[in-house]
Structures are given as structure tokens and as C-alpha cells.
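Participant: Sequence and predicted structure below; questions after.
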Amino acid sequence: NIIIIYNVPIQYGKVVSDYELTKASIKLIEELATFKDCTVIKESKATLNYVKQNLNITEKDAKEFIKLLGDDYYHIKNETNKVATFLEGQPYSFEKIKNLISIDKEYNMKDLIENFLKTKNFLDIISFLEKNKDSYLGLIYMLTDELINLLKLTSLIKSGKISRNMNYNVFKELYNDFSDLFIGKNFKPQHPYTIFLKLNSSENFSEEFLEKKLKELLEIEYKVKSGERDIDIETEVFLGKFFFK
């Protein structure tokens, strides 16, 4: 048997149009061989449909549910089945099941960091780290990524390419010009709406402040990896003093 693999680039959750196979092309292929579409998009749709059908919920609720659980299909499937069994046909609500599901650690940290930057309250992060002692370095990396994104936005605003008071439609039109600055997982640009939501947070910090905090995080990483300092103490001190300029 001969297997031919055709890789396609995906941007913003869609196959880039120049590389997308047309229906006519697929039909020609199917006349000669078995065609199988294995794109991540198809897998994502299958996961979304599985959650919608088994929990009898809207697409919006299904997406939020999946977002909480991470990217692993089998984890999502198991959690979906667990919730479906628990509900026994009752209407779905997040309040009912929030203590039942195993929320993805990465999502939890991301949410904690966003709240910290908005509210200045770091106690929730400390509480999370005390229960998840293997997550200190992961949190440092995630906070670093978040500050780098805010620094890029602040720089774009300073250069006049975007403004904080622009609406999403305008931002989305401009995003293609600088989307390569915001590469996420799988080496793809992050969705424009994800970056747009960070605009509000960026107004709280200057370029100088963000650069200073990124330098401090780099120093923490170096001292911890070289054995000079303990990561738990360094992280807690950094968070406690974060907003002092």
C-alpha cells in the first residue's frame, strides 16, 4: 500500500485558502484512492459534537466546557461521560458540575494570571501553587509569555499601529499585519480575539515596567535552575512585590 500525506497550513482555526483542497480535487483523488481528512479542524469538530450531543448543550457551552478541560480528546470524552452520568438527563449548568470535572491545570493557571493582572490579588495563585507544587516553573513561563504579549501590544500602541479604544472589527482587519508577533501553540498565530482581549490589561503597564518585570523573571529562572534560590520563595516574593514600581 502507498500512503500519501498532504500537509496543509492552518491559520485562525481554518485551512489557508491557497492550500485547501477543492471538492473537485477530492473527488478526483477518491476515484484513485481512499481519501481520509485528518486535519485538527475535523478532530476539533468531532470533539465539539461529542460534547454537545452527550450533554445536550449549546455550541457556546460546549466550547467553554472543552476550554476548561484542555486539548486531550480522551480526557474530554471521559469528563463528558462523567458529567452525563451525573446529570442523568437533567439540564446542564456549569454551577452543577464545576466541582465534578478535572479542570485543565494550564487553563487554571492562565485564568489565575489574567485575574492577578486585573485585580492585583495574588493570593489565589499562591493557594493554587500550594496545592500544585509542580506548577511553579510552569506558572513562571506562562506569566512571562503573558507579559511578553502585553509588551508587544504596548509597543504596537506606542508606534501608532493600533489603539486601545479601537473595536474588535477594526483590530481584526489590522491583525494580519502583525499576527506573526503572536505565535501560539503549533506555531500558528493566536486568534485575533484572544489578543484583542489583552488590550484592556495593557493600559495598566508601561513598556519600561514590563521590561523590568521580564528581566526579574529571567533572573528568577536562572537562580532557581542554578540552585541559588528556592522557586517557591522567589515566586511568592515576586508576586507580592509585582505592582511596586
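Facilitator: Ah, there it is. Numbers count the residues shown, from 1 in each chain.

Participant: mind listing the helices in the protein by residue range?
Facilitator: If DSSP state H is used as the criterion, the helices of the chain fall at 23-32, 40-55, 59-69, 73-87, 94-97, 105-119, 123-131, 136-158, 168-175, 192-196, 199-202, 207-225, 231-241.

Participant: List the contacts of the fourth one.
Facilitator: Spelled out, that is helix 73-87. 43, 47, 50-51, 54-55, 65-66, 69-70, 92, 96-97, 100-102, 104 (Cβ atoms under 8 Å, 6 or more residues apart in numbering). No exception for glycine: its C-beta is placed from N, CA and C like everyone else's.

Participant: ok, Lys63 to Lys36 distance?
Facilitator: Taking Cβ to Cβ, to the nearest Å as the criterion, Lys63 is separated from Lys36 by 26 Å.

Participant: Could you do Ser127 as well?
Facilitator: Here the criterion is Cβ to Cβ. By it, Ser127 lies 46 Å from Lys36.

Participant: who's more crowded, those two?
Facilitator: When neighbours are counted by other Cβ atoms under 10 Å, Ser127 and Lys36 differ, and Ser127 comes out ahead with 11 against 7.

Participant: mind giving me the domain split of this protein?
Facilitator: Dividing the chain into domains by the TED database, as the record does, gives the ranges 1-37, 40-96, 105-241.

Participant: could you dump those domains to TSV with mean pLDDT?
Facilitator: Formatted as TSV, the entries for these read as follows, by pLDDT from 0 to 100:
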stretch	mean pLDDT
domain 1-37	69
domain 40-96	84
domain 105-241	91
